[in-house]
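A.B. asks: from the sequence below, what's the structure:
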Amino acid sequence: MQLLFIHSDYIEYEAKSKTRVAEEIEPARRKERIEEALVAFIAVESEDEKNVRYIVEKAVEEANSIFEQVNAERIVLYPYAHLSSELASPETSVEILRGLEADLLSRGVEVTRAPFGWYKSFTLRCKGHPLSELSRKITVLEGAEAKETVMEKQSKALEAEEKAVSHFFFTDEHGNLVGADDFEFEEKHENLKKFFVYESEKRREVDKIPPHVELMKRLEIADYEPASDPGNLRFYPKGKLIKSLLEDYVRNSVAAYGAVEVETPIMYSAVHPSLKDYLERFPARQYSMLGKGGKPDLFLRFAACFGQFLMSKEMSISYKNLPLKIFELAPSFRKEKRGELVGLRRLRKFTMPDMHTLCRDMDEALVEFEKQYEFCMRILADIGFSPKNYEVALRFTREFYDDGANKELIERLVGIAGKPVLIEMWDQRFFYFVLKFEFNFVDALGKASALSTVQIDVENADRYGITYTDADGARKSPIILHCSPSGAIERCIYALLEKAYLDMEEGVMPMLPLWLSPTQLRLIPVAERHLEYLEEILPELNGIMRVDVDDRDETVSKKIRDSGREWIPYVAVVGDKEVEKQTLSVTIRAESSKKKRKVEEMNVSALKERIEADLRDEPFRSLPLSYKLSERAKFVG
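C.D. replies: Modelled structure (predicted):
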């Protein structure tokens, strides 16, 4: 691959006419002007076809390195055949260009890709500094392809999933199945339609940066870590607080549901007999560490199943102990495709609440499945999602559905959801489970992501040798339920941010739930002389809510604007009048709109009671930063 990088004030291009190999493009892409961009003129060469993935990764490393060096705001990928006389096929060239685009997007870089195979005119103004014009050549190194193949080996379950034929249906609100072609989407089913398109197309690659990425940075929640593998993020104090509160909530809820908490290793042997077989049955890509001969020796866990199953095998379990629930808040790792990584939505390192339930038989498993379905709905409701915020998917084999009792279960689940549900039916089972549900959040770009999920596992008790003693003294294998009550913790934050963006598009003030807001109450003095009054009331508020004081040398209007940009739920302004009357002038964000703020005058006790009531039974942690804004460092910008 030949690359010419130019750091530009702007580039303006127009696609004039097609060549015989032109890709189809939307009219809006024919003419664009992009400012403050690093323009990468690219010629994909025939040699690159030997290892497309390697070329994409190395080109992205070069582009990202230069992008950071010159401090550009965005990257333009511009196909430019004139850089080489040994060009790759048009199909490979487009594949590589799309791969570059997806990979850079996954790193949080704003990317524009000029259309391939068109005669284009362009105007460009180079900045003219020492690094503004750079050239690079990328070649396939000998042996690189073999190494990549070993590292990216897929499980048989993943291969089966990619080849499997799915039959999609919808249910009406009574649980009757309707063919996908016959279902009539009403206006209120718009998200269900988007979810179905996403599922049926099976197109997971990211082609645009979703809104939550900008929000997670601006709100100082999280950001990409350039020194790590893509999909491994850094969390700032506010983000760490939100993450910890969600973990506390899920842990407490699962304990109240009757689960016992354990801790197991994050690394396992890839050649352990039970694990080796299970790796082929689980639809996830592993982080592997190579041993002698370049073969995987150890792998990082992608769920808590391994440790909990190995532990269960060595336990003495009676039928009286069942159903037995074991839980772990599990740091997990999956080698997701780079093109699918973006923000908090899909990561390679994430925290998975993982509960496994051992049941006597299928009858008990089905009863517990229904209970956990409702349990997960309650979990999401407390986090901030009502059923209208997610779409329900039920997935099962045809053999499972043909049982009349199981049909009745599906009808009950649909009734509990209270709306149409997407059904995916398989002719044969290619995973370890026969029934699964997911609650899927559909974001601003129409991409769906699973939050809560439960599966009925009919294989792994035998695979790991897990047994219990029945009433007659016989050893039997349990049926196992896999449950993630909330989905990955990071994905909950993604969905909350995307939901807030969607609310904003509807004219609703964006905000996080009060219990998850890093600052729940901000106190703003009109002048320095009012700080003494604020210091007097702080002891009454601290320990009950997270409260800070904007003591910066800024105007009151700027302080109020900044609190709005931070989505602070309650903002209290204190001036001479409030000090004299011993009150607070409080803006309530949840009751405000873009056009009009809801302001109430109340005393400290009334405000304390209101916030305390809203926070009742929710986990609480202290403010993660100094309570004085003047003492805080900025983590972003």
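
A.B. asks: what about stretch 354-370, start to end distance?
C.D. replies: 17 Å (C-alpha to C-alpha, to the nearest Å).

A.B. asks: roughly how far out does stretch 497-507 sit from the chain middle?
C.D. replies: 17 Å (C-alpha atoms, centre = their mean, to the nearest Å).

A.B. asks: check contacts around Ile96.
C.D. replies: 1, 44, 48, 52, 55-56, 59, 88 (C-beta atoms under 8 Å, 6 or more residues apart in numbering). Any C-beta I mention is one placed from the backbone N, CA and C, and that applies to glycine too.

A.B. asks: dihedrals phi and psi, the residue nearest to Phe235 when sequence neighbours are not counted?
C.D. replies: Distances taken as C-beta to C-beta, 6 or more residues apart in numbering put Ala222 closest to Phe235, at 4.9 Å, once the chain neighbours are dropped. For Ala222, the backbone dihedrals (degrees, to the nearest 10) come out as phi -160, psi 170.

A.B. asks: also the one 3 residues further on?
C.D. replies: With angles defined as degrees, to the nearest 10, Glu225 sits at phi -110, psi 100.

A.B. asks: was I right about it contacting Gly231?
C.D. replies: No - the pair Glu225 / Gly231 is not scored as a contact, 9.6 Å apart, by C-beta atoms under 8 Å.

A.B. asks: rewinding a little: so the residue nearest to Phe235 sits right up against Leu344, yeah?
C.D. replies: Yes - between Ala222 and Leu344 there is a contact under C-beta under 8 Å: 6.4 Å.

A.B. asks: intersection of neighbour lists for the two?
C.D. replies: Among the neighbours of Ala222, those also in contact with Leu344 (C-beta under 8 Å, 6+ apart) are 216, 233, 490, 493.

A.B. asks: dump the residues you listed into CSV; add pLDDT, distance to His129 and neighbour count as well.
C.D. replies: Below are those laid out as CSV (pLDDT from 0 to 100; distance: C-beta to C-beta, whole Å; neighbours: other C-beta atoms under 10 Å):
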residue, pLDDT, distance to His129, neighbour count
Met216, 97, 31, 25
Leu233, 95, 31, 21
Glu490, 98, 38, 25
Ile493, 98, 38, 26
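
A.B. asks: from those, which land in helices?
C.D. replies: 216, 490, 493 (DSSP state H).

A.B. asks: contacting residues for the residue nearest to Phe235?
C.D. replies: Contacts of Ala222 (C-beta under 8 Å, 6+ apart): 216, 233-236, 239, 344, 490, 493.

A.B. asks: give me the low-pLDDT residue ranges for the stretch 151-300 of the chain?
C.D. replies: 151-165, 281-284, 291-296 (pLDDT under 70).

A.B. asks: one more time with 80, if that's ok
C.D. replies: Scanning the stretch 151-300 of the chain for pLDDT under 80 picks out the ranges 151-166, 173-175, 201-207, 274, 276-286, 289-296.

A.B. asks: can you check the chain too?
C.D. replies: For the chain, the ranges with pLDDT under 80 are 130, 140-166, 173-175, 201-207, 274, 276-286, 289-296, 338-339, 430, 637.

A.B. asks: now with 70?
C.D. replies: 141-165, 281-284, 291-296, 637.

A.B. asks: domains in it, by residue range?
C.D. replies: Per automatic domain parsing, the domain ranges recorded for the chain read 2-149, 167-206+246-262+302-499, 514-631.

A.B. asks: what's the closest of the ones you listed to Glu280?
C.D. replies: domain 167-206+246-262+302-499 (10.1 Å; C-beta to C-beta).

A.B. asks: and the closest one, how far apart are its ends?
C.D. replies: 30 Å.

A.B. asks: do the same with stretch 438-451
C.D. replies: 7 Å.

A.B. asks: re earlier: distance to Tyr78 and secondary structure for the contacts of Ile96 - can I get that in JSON lines?
C.D. replies: JSON lines is the format used below for those (distance: C-beta to C-beta, whole Å; DSSP: H, G, I helix; E, B strand; the rest coil):
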{"residue": "Met1", "distance to Tyr78": "13", "secondary structure": "coil"}
{"residue": "Val44", "distance to Tyr78": "12", "secondary structure": "coil"}
{"residue": "Asp48", "distance to Tyr78": "17", "secondary structure": "helix"}
{"residue": "Val52", "distance to Tyr78": "19", "secondary structure": "helix"}
{"residue": "Ile55", "distance to Tyr78": "17", "secondary structure": "helix"}
{"residue": "Val56", "distance to Tyr78": "16", "secondary structure": "helix"}
{"residue": "Ala59", "distance to Tyr78": "13", "secondary structure": "helix"}
{"residue": "Ala88", "distance to Tyr78": "16", "secondary structure": "coil"}
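
A.B. asks: settle this for me: Tyr78 is touching Val39, isn't it.
C.D. replies: Yes - here Tyr78 reaches Val39: they are 5.8 Å apart, a contact under C-beta under 8 Å.

A.B. asks: ranges for the strands of the stretch 351-500 of the chain?
C.D. replies: 391-397, 422-426, 433-442, 448-457, 468-469, 475-476, 479-484 (DSSP state E, counting those that start in this stretch).

A.B. asks: which residues does Val454 form beta bridges with?
C.D. replies: Under the criterion DSSP bridges, Val454 forms beta bridges with Phe437, Cys483.

A.B. asks: OK, contacts around it?
C.D. replies: 369, 372-373, 376, 436-437, 481-484.

A.B. asks: check Pro624 too.
C.D. replies: Counted by C-beta under 8 Å, 6+ apart, Pro624 has contacts 237-238, 240-241, 518.

A.B. asks: neighbours around Asp181, how many?
C.D. replies: 6 (other C-beta atoms under 10 Å).

A.B. asks: give me the secondary structure label for it.
C.D. replies: With DSSP: H, G, I helix; E, B strand; the rest coil as the basis, Asp181 sits in coil.

A.B. asks: for it, phi and psi?
C.D. replies: When quoted as degrees, to the nearest 10, the phi and psi of Asp181 stand at phi -70, psi -20.

A.B. asks: what of Met267?
C.D. replies: According to degrees, to the nearest 10, Met267 has phi -130, psi 140.

A.B. asks: so it sits against Leu300, correct?
C.D. replies: Yes - when contacts are counted by C-beta under 8 Å, Met267 is listed as touching Leu300 (5.8 Å).

A.B. asks: of the two, who's got more company?
C.D. replies: Leu300 (19 against 12).

A.B. asks: so where do the helices sit in the stretch 201-350 of the chain?
C.D. replies: Remark: helices assigned in the stretch 201-350 of the chain by DSSP state H, counting those that start in this stretch are 211-218, 237-257, 273-281, 305-313.

A.B. asks: tell me which of those sits nearest to Thr583.
C.D. replies: Here helix 237-257 is closest among those (C-beta to C-beta), at 29.2 Å.

A.B. asks: and the closest one, what does it pack onto?
C.D. replies: strand 260-261, strand 324-333, strand 349-359, helix 362-383, helix 489-505 (3 or more C-beta pairs under 8 Å, 6 or more residues apart in numbering; DSSP states H and E).

A.B. asks: just the buried positions in that helix, please.
C.D. replies: Within helix 237-257, the residues that count as buried by 16 or more other C-beta atoms under 10 Å are 237-243, 245-247, 249-251, 253-254, 257.

A.B. asks: CA atoms of that helix as PDB?
C.D. replies: What follows is helix 237-257, C-alpha atoms only, in PDB (Å, rounded to 0.1, in the frame of the first residue of the first chain):
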ATOM      1  CA  PRO A 237     -13.400   9.800  38.300                       C
ATOM      2  CA  LYS A 238     -17.000  10.500  37.300                       C
ATOM      3  CA  GLY A 239     -17.200   7.500  35.000                       C
ATOM      4  CA  LYS A 240     -15.600   5.300  37.600                       C
ATOM      5  CA  LEU A 241     -18.200   6.400  40.100                       C
ATOM      6  CA  ILE A 242     -21.100   5.700  37.700                       C
ATOM      7  CA  LYS A 243     -19.600   2.300  36.900                       C
ATOM      8  CA  SER A 244     -19.100   1.400  40.600                       C
ATOM      9  CA  LEU A 245     -22.700   2.500  41.500                       C
ATOM     10  CA  LEU A 246     -24.100   0.300  38.700                       C
ATOM     11  CA  GLU A 247     -21.900  -2.600  40.000                       C
ATOM     12  CA  ASP A 248     -23.100  -2.000  43.600                       C
ATOM     13  CA  TYR A 249     -26.800  -2.000  42.500                       C
ATOM     14  CA  VAL A 250     -26.600  -5.200  40.400                       C
ATOM     15  CA  ARG A 251     -24.600  -7.000  43.200                       C
ATOM     16  CA  ASN A 252     -27.100  -6.000  45.900                       C
ATOM     17  CA  SER A 253     -30.100  -6.900  43.700                       C
ATOM     18  CA  VAL A 254     -28.700 -10.300  42.800                       C
ATOM     19  CA  ALA A 255     -27.900 -11.000  46.500                       C
ATOM     20  CA  ALA A 256     -31.500 -10.100  47.400                       C
ATOM     21  CA  TYR A 257     -32.600 -12.500  44.700                       C
END
